[in-house]
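Participant: Sharing a model that was predicted from the sequence below.
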Amino acid sequence: MMIPQLGQMDGQMMSDAFQELSGILEEAIILKRWISTTPGTKYLGHADTQNYTSIPTTAVIEELTPLEIASSGNLYAAGDLHVQCLLQIFGGENVVGGDGSVSVRPSDQIVRAGRTYKIVGHPFQVQLAGQSWWKAVARQV
């Protein structure tokens with residue numbers, strides 16, 4: 001069976017339909033973007049404090065399926081969520097300083113219904129209906 005190519009009007013129709021449904025499918029979240037670390041006092045047993053800025057936004061959220069969890073090589077766990085939003089999402093990453101030292105940049109977090117989740121793995125960008133979306137997996141903290 002041959003699938004016909006979408007015309008210009010079909011693309012516009014898909015974009016319009018997506019805009020109409022986005023209010024139904026999306027839910028309000030707070031994206032907590034990591035901005036800095038305040039050093040703790042190690043000899044007193046005080047750990048470093050991670051500082052975040054809060055950005056209200058919306059996202060499409062759904063639970064991972066059992067098959068996705070089973071085939072992830074223990075990266076994902078029951079209760080993890082797919083998060084898809086228009087704002088870029090950052091996962092944790094290693095950062096090399098000017099002196100060659102390596103530190104870890106903490107991942108962004110999301111707050112959904114009063115619960116905080118951290119980003120697990122590597123977020124990636126997808127194109128949908130002419131817009132750039134960021135997809136990631138989040139785990140409750």
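Facilitator: Looks like it came in fine.

Participant: From here on, just use CA atoms for contacts and neighbour counts.
Facilitator: Will do.

Participant: Now do the strands in this protein.
Facilitator: 27-38, 49-63, 81-85, 93-96, 102-105, 109-112, 115-128, 131-140 (DSSP state E).

Participant: Please name the spatially closest residue to Val96 (chain neighbours excluded).
Facilitator: Distances taken as CA to CA, 6 or more residues apart in numbering put Val102 closest to Val96, at 4.5 Å, once the chain neighbours are dropped.

Participant: which residues does the closest residue in space to Pro66 that isn't next to it in sequence contact?
Facilitator: In space, Pro66 comes closest to Ala78 once its chain neighbours are excluded; the distance is 7.5 Å by CA to CA, 6+ apart. Counting by CA atoms under 8 Å, 6 or more residues apart in numbering, Ala78 touches 64, 66, 69.

Participant: ok, now how distant is the first one from Gly114?
Facilitator: It refers to Leu64. Separation of Leu64 from Gly114 (CA to CA, to the nearest Å): 20 Å.

Participant: what do you get for the second one?
Facilitator: Pro66 sits 25 Å away from Gly114, going by CA to CA.

Participant: out of those two, which sits in the more crowded spot?
Facilitator: Pro66 (12 against 9; other CA atoms under 10 Å).

Participant: how near is the more buried one to Ala77?
Facilitator: 9 Å.

Participant: ok, now Gly40?
Facilitator: Separation of Gly40 from Ala77 (CA to CA) stands at 31 Å.

Participant: who's more crowded, those two?
Facilitator: Ala77 (17 against 12).

Participant: Would you agree that one is in contact with Glu68?
Facilitator: No - Ala77 is beyond contact range of Glu68, at 9.2 Å (criterion: CA atoms under 8 Å).

Participant: Pull up the per-residue confidence for the closest residue to Ser54 other than its chain neighbours.
Facilitator: Sequence neighbours aside, Lys32 is the residue nearest to Ser54 in space, at 4.6 Å (criterion: CA to CA, 6+ apart). pLDDT, Lys32: 98.

Participant: Many thanks, have a good one.
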